[in-house]
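Asks: Predicted model and sequence follow; I will ask about them next.
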Protein chains: 2
Amino acid sequence: MSTFTAIADPVRRDILALLRQGEQPAGALVEALALPQPNVSKHLKALHSAGLVSIRVDGPRRLYSLDPAPLVELDQWLAPYRDFWTGKLDALGDHLMRTD
Amino acid sequence: MSTFTAIADPVRRDILALLRQGEQPAGALVEALALPQPNVSKHLKALHSAGLVSIRVDGPRRLYSLDPAPLVELDQWLAPYRDFWTGKLDALGDHLMRTD
DNA sequence: CGATCATATGCCTTGACAGGAATATGCATT
DNA sequence: AATGCATATTCCTGTCAAGGCATATGATCG
């Protein structure tokens, strides 16, 4: 699953936000989200297949933690658009205005 | 349609990239994408409903341009995750290591 | 080994969305 | 007014993903 598709789901965005607090077992996420356990488990699987979370096995528990690498790629995807709201575009616009 | 859902589609991401070059009529996008015209029109409608593009009517043409506001929100959504790859997390990690 | 806890997987139904093809709308030009 | 161009809308169909529910797996403890 692609990063874009993974973060398109609000439940998965909630999970990522919870994981900003650090590594957490699946059960803690189930409780925090107040959703059925299989539901959360499937979303965690999707996030893992997108590379957004990593799993550490600790006895019967699976400890999930945030893996930011795909978000770095998202950040890079966003980069060329930043010119459109950081003022650089205004300078380009002025230039085009002058040459018109 | 939400920003996250809008950019989850690769065709729509291609459209946004094309619009970085500036305002363009729908026909130019159809040609550049080499996709059926109704297909492109529907994606443009989706992008517009997400607030990602704005439309300027010029006679029979519809001129589409990039509206970065939702991307700013995406940028802000991403902000709290940046700490996970900019070194601030390392400092936090060190702190937690010490207090453990 | 049996029971129990934590988590994952399978099946089913439903709803959303993309693509294709045909057609409708709206503006312009003669 | 009629034609033609640019674009949008509708209908249909297939696909994919999410939720609910039941059940399976795997580890631990007595």
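Replies: It's in. Model, not experiment: these values are computed from the prediction.
Asks: Can you verify my assumption that A:Val11 contacts A:His43?
Replies: Yes - contact criterion Cβ atoms under 8 Å: A:Val11 and A:His43 qualify, at 5.4 Å. (C-beta placed from N, C-alpha, C; glycine too.)
Asks: Can you pick out the residue with more neighbours from these two?
Replies: Taking neighbours as other Cβ atoms under 10 Å in any protein chain shown, A:Val11 and A:His43 compare with A:His43 leading, 20 against 15.
Asks: Surely that one is within a helix?
Replies: Yes - assessed with DSSP: H, G, I helix; E, B strand; the rest coil, A:His43 lies in a helix.
Asks: now it: how far from DNA strand C?
Replies: 9 Å (Cβ to the nearest atom of the strand, to the nearest Å).
Asks: Name all residues that make contact with that residue.
Replies: A:Asp9, A:Val11, A:Arg12, A:Ile15 (Cβ atoms under 8 Å, 6 or more residues apart in numbering or on different chains).
Asks: what's the spacing between it and B:Leu33?
Replies: For A:His43, the distance to B:Leu33 (Cβ to Cβ, to the nearest Å) stands at 32 Å.
Asks: Around DNA strand D, pick out the residues from chain A.
Replies: A:1, A:5, A:8-9, A:11-12, A:35-36, A:38-39, A:42-43, A:46, A:59-60 (Cβ under 7 Å from any atom of the strand).
Asks: if we can go back for a sec, among the contacts of A:His43, which are in helices?
Replies: Of these, the ones assigned to helices by DSSP state H are A:Val11, A:Arg12, A:Ile15.
Asks: Is it correct that the last one is in contact with A:Ala28?
Replies: The reference is to A:Ile15. No - using Cβ under 8 Å, A:Ile15 makes no contact with A:Ala28, being 10.9 Å away.
Asks: Among those two, which residue is more densely surrounded?
Replies: More crowded of A:Ile15 and A:Ala28, by other Cβ under 10 Å: A:Ile15, with 25 against 15.
Asks: Return the residues in contact with that one.
Replies: A:Leu29, A:Leu33, A:Val40, A:His43, A:Leu44, A:Leu47, A:Val53.
Asks: which among those residues end up buried?
Replies: A:Leu29, A:Leu33, A:Val40, A:His43, A:Leu44, A:Leu47, A:Val53 (16 or more other Cβ atoms under 10 Å in any protein chain shown).
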